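Colleague: turn this into a structure:
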Amino acid sequence: MDRRQVSRLTPVLCACVALTLAGCAARDGVASSRPGAAASTTAAPNTGPLATPSPTRSAVMQVFIVPDLIGEPLDAAQGALQSLGSQSLDPQDASGLGRSVSIDGVWHVCTQSPKAGEVVDVQTVVILAAVLSGEHCP
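Modeller: Take a look at the predicted model:
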């Protein structure tokens, strides 16, 4: 990873850490120490039928860095994305012929969106435009 990629990732990673810490602090009833944050008073513990539920682990944003998938077989690209936690893939025919694209080794990736190196949420739809093996990317 080069310096530019690290400098682009730093604010995102800091935001993720801040969100995680804020969730933990809210769950544990700890007041924020950020300047300008509202002061909190000690309140009764969350009990009873009207208790506010604590944040859950699923409330924390999960992200991954998009790998460079161009030139890869479509099935290998899908496996790489799934191993990173990606939950949504949209394979498309890059030739413009509107063919139905199947996730198998006979298609290879021509373009991708988001681009390699971008930090995205696991819910982000990754679009992979592919052509059949032996065909040239447009």
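Colleague: quick check: buried residues in stretch 129-138?
Modeller: Judged by neighbour count using 16 or more other C-beta atoms under 10 Å, the buried positions of stretch 129-138 are Ala129, Ala130, Val131. Placement of C-beta: from N, CA and C, glycine included.
Colleague: the strands in this structure, which residues?
Modeller: 63-65, 89-93, 107-113, 119-121, 126-132 (DSSP state E).
Colleague: which one of the ones you listed lies nearest to Ser83?
Modeller: strand 63-65 (9.3 Å; C-beta to C-beta).
Colleague: what's the local residue count around the residue lying closest to Glu135 once chain neighbours are set aside?
Modeller: If the residues on either side of it in the chain are set aside, Glu135 comes closest to Ser95, at 6.7 Å by C-beta to C-beta, 6 or more residues apart in numbering. By other C-beta atoms under 10 Å, the residues close to Ser95 number 17.
Colleague: what's the answer for Ser102, then?
Modeller: Ser102 - counted by other C-beta under 10 Å - has 12 other residues nearby.
Colleague: repeat for Asp68
Modeller: 13.
Colleague: cool, and Thr124?
Modeller: 17.
Colleague: and it, how far is that from Gly79?
Modeller: Using C-beta to C-beta, to the nearest Å, Thr124 is found at 17 Å from Gly79.
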